[in-house]
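Undergrad: Show me the folded form of this:
(one chain, ligands or ions: 2)
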Amino acid sequence: MKLAIPYVLAAAAVVPHGVAAWGSLGHQTTGLLAMEFLTPTTLSKVQSILGSTFSFSLGPASTWADTVRSQTAFKFTAPFHFIDAEDNPPSSCSVDLARDCGATGCVVSAIQNYTNRVQTQTDSTQIQQALLFITHFVGDIGQPLHDEAVALGGNDISAVCSGSSTNLHAAWDTGILTKNVNALYGGSAQTWADNLATRIRSGEYASQAAGWVSNINTAALSGTTVPLGWSQEANAFDCTVVFNFATGQDLCTGTYFTNAIPVIDLQIAKQGFRMATWLNTIFG
Ligand SMILES: *[C@@H]1O[C@H](CO)[C@@H](O)[C@H](O)[C@H]1NC(C)=O
Ligand SMILES: [Zn+2]
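TA: Ligands and ions are numbered 1, 2, ... in the order given. Sure thing, here's the model as predicted:
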């Protein structure tokens, strides 16, 4: 069921959703985490494609797609940052490609398209742009509200974060994770990425990480099955955690915050690790 957008919000409705996406902190962490799991062959290819413009790193590269989406030449990429799942959280969650990926494309088809292009294009600018888009969209797809149509992915749902007015989407892109990263990792994307890498190698994620990437192989690169699965996994959190709050409840303190942090850490860890495996499969 699509939520009707009240008339007074019609102006806000033209604002594309996911404007900042995970926010640069979330995206950079995903990119920096992926850097820690690239094979030497992939690392050298990725570094040569990115060049000094992006400091030879997926960290700085991961935010480029958000900086160009408002430019005329890249307006067509705006729908690539999300998929408008027409489900009904919190009672039922689902992503259906035929139903939800519009004619102008979505994050699932965009990952497929740019995965194909990074391998087949011959122009160096096109190859670089394809890598920049993959790096960003593999991050976006892990944010539960980038896999949700309701109220423009929560952009039109008022929320409170640490006493300030915001919206649900922005609370998930930046508000909740920024507060946590400031408290635990000195506000540093690199420190957060290092922490997640340790959890993947030898901590709480060590037993699950192989399962996060078990369906990534050469054949999977040309299809939509794998990115659709990532989208469905993120979207499921809309029913269990994201939409479970009372009007006026502060999302950046108390129970909601405590429940959101493990989801955010998990989603960033998964998508960073998957990004590395995806690129290793492309360039390996
Ligand atoms: C694939 O990427 C190219 C280059 O950005 C773009 O022109 C085209 O519309 C994209 N196609 C799809 C199906 O997303
Ligand atoms: Zn984005």
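
Undergrad: S164 pairs with what?
TA: Beta bridges link S164 to C161 when assigned by DSSP bridges.

Undergrad: so how many other residues sit close to it?
TA: 11 (other C-beta atoms under 10 Å). Bear in mind the C-beta positions are built from the backbone N, C-alpha and C, glycine included.

Undergrad: ok, and for the helix ranked longest in the chain, which residues are buried?
TA: Scanning the chain for the helix with the most residues, using DSSP state H, yields helix 254-283. Buried residues in helix 254-283, counted by 16 or more other C-beta atoms under 10 Å: 256-257, 260-261, 263-283.

Undergrad: from the middle of its chain, how far away would that helix be?
TA: 8 Å (C-alpha atoms, centre = their mean, to the nearest Å).

Undergrad: quick one, strands of the stretch 101-250 of the chain?
TA: 158-161, 164-167 (DSSP state E, counting those that start in this stretch).

Undergrad: hey, which of those strands is tucked in deepest?
TA: strand 158-161 (a mean of 19; mean count of other C-beta atoms under 10 Å).

Undergrad: List of residues touching that one?
TA: By C-beta atoms under 8 Å, 6 or more residues apart in numbering, the residues outside strand 158-161 that reach it are 165-168, 170-171, 175-176, 179, 245, 248-252.

Undergrad: low-confidence ranges in the stretch 1-150 of the chain?
TA: 1-21 (pLDDT under 70).

Undergrad: The longest helix of the chain and ligand 2 in contact?
TA: No - against ligand 2, helix 254-283 shows no contacts by C-beta under 5 Å from the ion, the least distance being 12.2 Å.

Undergrad: now for that helix, which elements pack on it?
TA: Packed against helix 254-283 by the contact rule (3 or more C-beta pairs under 8 Å, 6 or more residues apart in numbering; DSSP states H and E) you find helix 23-35, helix 40-50, helix 107-120, helix 124-140, helix 176-185, helix 189-202, helix 209-212, helix 225-237.

Undergrad: let's see 6 Å
TA: In this structure, helix 254-283 makes packing contacts with helix 23-35, helix 40-50, helix 124-140, helix 176-185, helix 209-212, judged by 3 or more C-beta pairs under 6 Å, 6 or more residues apart in numbering; DSSP states H and E.

Undergrad: circling back: ligand 1: which of the strands of the stretch 101-250 of the chain is closest?
TA: Nearest to ligand 1, of all these, is strand 164-167, at 27.6 Å by C-beta to the nearest ligand atom.

Undergrad: ok now the closest one, how far from the chain's centre?
TA: Between the centre of strand 164-167 and the centre of its chain there are 21 Å (C-alpha atoms, centre = their mean).

Undergrad: again with stretch 233-253
TA: For stretch 233-253, the distance to the chain centre is 17 Å (C-alpha atoms, centre = their mean).

Undergrad: Tell me which residues touch the residue lying closest to A151 once chain neighbours are set aside, please.
TA: Nearest residue to A151 in three dimensions, chain neighbours excluded: I157, at 4.8 Å (C-beta to C-beta, 6 or more residues apart in numbering). Applying C-beta atoms under 6 Å, 6 or more residues apart in numbering to I157 gives the contacts A151, N167, L168.

Undergrad: let's see 8 Å
TA: V150, A151, N167, L168, H169 are the contacts of I157 under C-beta under 8 Å, 6+ apart.

Undergrad: Flag every residue of this protein that's near ligand 1.
TA: Residues of the chain lying close to ligand 1 by C-beta under 6 Å from any ligand atom are G105, S109, A110, N113, R117.

Undergrad: Against ligand 2, how distant is the nearest residue to the last one once chain neighbours are set aside?
TA: Among residues not flanking R117 along the chain, A130 sits closest, at 4.1 Å (C-beta to C-beta, 6+ apart). Taking C-beta to the ion, to the nearest Å as the measure, A130 falls 16 Å from ligand 2.

Undergrad: Isn't A130 up against T120?
TA: No - counting by C-beta atoms under 8 Å, A130 does not reach T120; the two are 9.0 Å apart.
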